[in-house]
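Chemist: Below are the sequence and a predicted model for it; my questions follow.
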Amino acid sequence: MEITGKIIQVLPERSGTSARTGSEWRVASYVLETSEQYPKKMAFDVFGSDRIQLLNIQAGETLLVKFDIDAHEYQGRWFNSIRAYAVDRGAASAPQPAIAPSAQPAKPAATPSAPDNEPDEQLPF
């Protein structure tokens with residue numbers, strides 16, 4: 001999936017050692033805000049020291065973020081995981097929908113023969 005927006009916050013990195021493998025891990029988290037009429041915010045992670053350095057995401061940047069969504073269960077509760085695997089700085093300058101068109105539901109077309117006392121525009125929800 002893809003989403004375009006501005007990085008409004010860089011959260012503190014987390015790191016540790018895997019209990020299963022004993023290897024070190026590092027995660028950086030960011031908050032992105034879309035630039036739609038009704039902006040949405042999304043928190044996402046970048047996993048791994050090499051990917052954190054490669055993507056080099058900074059606060060204030062407008063980016064097209066490519067990410068995967070997954071969910072996992074822990075003690076009977078489910079948690080979503082949104083992990084970015086790539087960013088595109090050039091594509092973010094072109095006007096695009098916040099989420100790739102394939103992921104957005106189709107909007108119904110406005111009725112061309114609306115009566116004079118009713119607006120001919122669709123509500124945003």
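Modeler: Arrived safely, thanks for sending.

Chemist: Tell me how many other residues crowd Trp25.
Modeler: 13 (other CB atoms under 10 Å). C-betas here are computed from N, CA, C, even on glycine.

Chemist: who's in contact with it?
Modeler: Applying CB atoms under 8 Å, 6 or more residues apart in numbering, we find Trp25 in contact with Ser15, Gly16, Thr17, Ser18, Phe47, Gly48.

Chemist: Would you agree the last one is in contact with Arg26?
Modeler: Read it as Gly48. Yes: counting by CB atoms under 8 Å, Gly48 does reach Arg26; the two are 6.6 Å apart.

Chemist: Show me which positions of stretch 57-74 end up buried.
Modeler: Ile57, Glu61, Leu63, Leu64, Val65, Phe67 (16 or more other CB atoms under 10 Å).

Chemist: Would you mind naming the residues that bridge with the third one?
Modeler: Same thing as Leu63. Applying DSSP bridges to Leu63 gives these bridge partners: Gly5.

Chemist: where's it relative to Ala19, distance?
Modeler: 33 Å (CB to CB, to the nearest Å).

Chemist: And the first one, by the same measure?
Modeler: In this structure, Ile57 and Ala19 are separated by 28 Å, where distance is defined by CB to CB.

Chemist: Same question for the fourth one.
Modeler: Distance of Leu64 to Ala19, computed by CB to CB: 35 Å.

Chemist: try the fifth one
Modeler: For Val65, the distance to Ala19 under the criterion CB to CB works out to 30 Å.
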